[in-house]
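Peer 1: okay, here's the prediction I keep looking at, along with the sequence it came from:
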Amino acid sequence: MKILVCTDNSKHSMKALKMAARLAECCKDKVETIDIVHVYHVDLPVSDFHSTVTYIEQYEFLHKFKKEEGEKILEAAAQVFTGVDAEVNTILKEGHPAATIIKMAATGNYDLIIMGSRGLGGLKKALLGSVSNAVLQEVQTSVLIVK
Ligand SMILES: Nc1ncnc2c1ncn2[C@@H]1O[C@H](COP(=O)(O)OP(=O)(O)OP(=O)(O)O)[C@@H](O)[C@H]1O
Ligand SMILES: [Mg+2]
């Protein structure tokens with residue numbers, strides 16, 4: 001079995017990681033691979049006429065920051081699988097989170113995707129966040145939404 005776990009470093013995605021680790025422990029010989037993905041997105045900076053820093057410099061700074069942040073998020077996520085007897089890979093991608101996860105699901109040959117019901121977004125009215133909602137709607141793979 002090959003599992004994809006999605007993390008944005010939120011409380012819910014931590015629960016999703018722990019659920020994946022529990023599954024791997026329960027089904028020792030059945031879960032072969034766990035891929036942990038974090039998708040970062042760099043918002044284009046607002047151009048400021050008076051700024052001494054150029055638009056490109058601002059973009060490069062933001063890009064470097066998000067990439068390094070993503071690496072740290074994945075490093076911490078992988079710790080959850082310490083002692084788990086499966087191949088654990090961390091995957092850092094840049095792009096739109098939902099579209100990137102949907103594409104991975106279509107090409108990655110996963111048996112299961114595990115994600116949180118919510119993430120870092122502030123709006124708590126809907127049961128699902130926009131990323132988990134879009135993934136659930138679009139993919140052919142089974143999805144486990146952790147509450
Ligand atoms: N950038 C991301 N990279 C990887 N997984 C993500 C990312 N963003 C969200 N997820 C996954 O989707 C789950 C739900 O997050 P989602 O973003 O849908 O909710 P939200 O942040 O509360 O809402 P919204 O983003 O719509 O404001 C997370 O727990 C995580 O598993
Ligand atoms: Mg979100």
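Peer 2: Yep, it's here. Residues are numbered from 1 along each chain as shown. Ligands and ions are numbered 1, 2, ... in the order given.
Peer 1: buried sites along the helix or strand bottoming out on mean pLDDT in the chain?
Peer 2: When each helix and strand of the chain is scored by mean pLDDT, DSSP states H and E, helix 55-79 comes last, with a mean of 94. With burial defined by 16 or more other CB atoms under 10 Å, the residues of helix 55-79 counted as buried are 58, 66, 70, 73, 74, 77, 78. To be clear about C-beta, it is placed using only N, CA and C from the backbone, and glycine gets the same treatment.
Peer 1: and it, anywhere near ligand 1?
Peer 2: No: applying CB under 6 Å from any ligand atom, one finds helix 55-79 separated from ligand 1 by no less than 8.5 Å.
Peer 1: elements contacting that helix?
Peer 2: Helices and strands touching helix 55-79, by 3 or more CB pairs under 8 Å, 6 or more residues apart in numbering; DSSP states H and E, are strand 33-40, strand 87-94.
Peer 1: mean neighbour count, mean pLDDT and distance to ligand 2 for those - can I get that in TSV?
Peer 2: Output for the helices and strands packed on helix 55-79, formatted as TSV (neighbours: other CB atoms under 10 Å; pLDDT from 0 to 100; distance: least, CB to the ion, whole Å):
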stretch	mean neighbour count	mean pLDDT	distance to ligand 2
strand 33-40	22	98	10
strand 87-94	16	98	15
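Peer 1: want to throw these into TSV with distance to ligand 1?
Peer 2: What follows is these, written out as TSV (distance: least, CB to the nearest ligand atom, whole Å):
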stretch	distance to ligand 1
strand 33-40	4
strand 87-94	8
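Peer 1: in JSON lines: these, plus distance to residue 24.
Peer 2: Putting these into JSON lines (distance: least, CB to CB, whole Å) gives the following:
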{"stretch": "strand 33-40", "distance to residue 24": "6"}
{"stretch": "strand 87-94", "distance to residue 24": "9"}
